[in-house]
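> Give me the fold of what follows.
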Amino acid sequence: CNLGFCKCHPGWYGTDCSRKKAGESMEADDIEAGKRPWLKQLGLGQLPPGAQDPPKEPTRKRPLIYVYDVPPPYTTRMLQYRLVWKSCIWRRFEDNNATQLFDWLYGVETYIHEMLLTSPHRTFDPDEADFFYVPIYVTCYFWPIIGWADTPWWYAPRGMPRPMHGANMMLELKTWLETTFPYWKRRGGRDHIWLTAADEGACWMPTEVYNNSIILTHWGRLDPDHAS
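Below you'll find the predicted structure:
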């Protein structure tokens with residue numbers, strides 16, 4: 001991947017290129033094959049446990065979380081639109097093989113997404129999942145994209161206030177989930193997890209989402225009348 005543009009090796013697909021096409025053999029990952037061993041200490045270069053053949057005896061710890069592969073406009077494409085290179089990310093690999101870390105809260109979307117993709121709690125089988133994580137880089141969209149880049153535009157008549165676009169974006173993704181998969185309707189969205197880390201907290205989120213789902217937010221605010 002390079003700045004949000006990812007190209008998988010032949011036979012692989014998914015947000016992190018860890019899904020294998022049905023009927024094709026599973027080859028060794030980079031670490032097993034002795035390629036790029038320096039990635040191991042970063043938790044990269046290895047297939048997530050959910051992508052590997054299951055052991056004879058159950059060893060995986062619950063809860064099991066299914067991470068949706070949502071269309072790129074809601075996630076990775078945001079990394080191509082941003083006008084500030086160090087925004088929306090939590091680390092950057094430099095030319096000298098060093099790693100630069102960032103602690104700005106707006107990068108937590110890519111951090112949590114990446115950690116869940118590599119987590120031993122991740123499952124590739126949605127029927128066995130206890131929870132479903134819905135990746136959406138709406139905080140990255142709030143800054144530094146909307147009002148600064150020419151696109152995308154989520155149906156609101158003007159650029160500000162930005163939650164108008166965020167709410168439309170989230171509703172569009174929720175509709176995509178409902179019409180593409182059966183899992184939202186199975187429990188009415190109660191086992192689905194959404195993240196919002198912008199300054200507005202969760203008060204702008206559509207009621208169809210935050211009244212029914214699990215919300216991760218640093219503010220914990222759901223009311224529109226803030227005192228601070």
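
> Flag the shaky bits of the chain, pLDDT-wise.
1-4, 23-47, 49-59, 220-228 (pLDDT under 70).

> In it, which helix is the longest?
Selection of the longest helix in the chain by residue count, based on DSSP state H, yields helix 163-180.

> And that helix, what does it pack against?
On a contact count with 3 or more C-beta pairs under 8 Å, 6 or more residues apart in numbering; DSSP states H and E, helix 163-180 meets helix 138-142, helix 183-187, strand 192-196, helix 207-210. Every residue, glycine included, has its C-beta placed from N, CA and C.

> After the last one, which helix or strand is next? Please name it.
The helix or strand immediately downstream of helix 207-210 is strand 214-217, counting by DSSP states H and E.

> centre of the chain versus that next one, how much separation?
14 Å (C-alpha atoms, centre = their mean, to the nearest Å).

> go on, stretch 123-141?
7 Å.

> Return the set of buried residues in it.
123-124, 129, 131-141 (16 or more other C-beta atoms under 10 Å).

> From these, pick the one nearest residue 86.
Closest approach to residue 86 among the buried residues of stretch 123-141 (C-beta to C-beta): residue 140, at 11.8 Å.

> dump the residue contacts of the residue nearest to that closest one when sequence neighbours are not counted.
Leaving aside its sequence neighbours, residue 140 sits nearest to residue 88 (C-beta to C-beta, 6 or more residues apart in numbering; 3.7 Å). By C-beta atoms under 8 Å, 6 or more residues apart in numbering, the contact set of residue 88 is 78-79, 82, 106-107, 109-110, 137, 139-140, 144.

> just checking, which of these belong to helices?
Reading helices off these with DSSP H, I get 78-79, 109-110, 139-140.

> and those residues, which two are the farthest apart?
Every pair of the ones in helices among the contacts of residue 88 checked by C-beta to C-beta; the farthest is 79 and 139, at 12.5 Å.

> With adjacent residues omitted, what lies nearest to residue 177?
residue 184 (4.9 Å).

> so who does the one you found touch?
132, 174, 177-178, 192.

> Could you pick out the buried ones from those residues?
Buried among the contacts of residue 184 by 16+ other C-beta under 10 Å: 132, 174, 177, 192.
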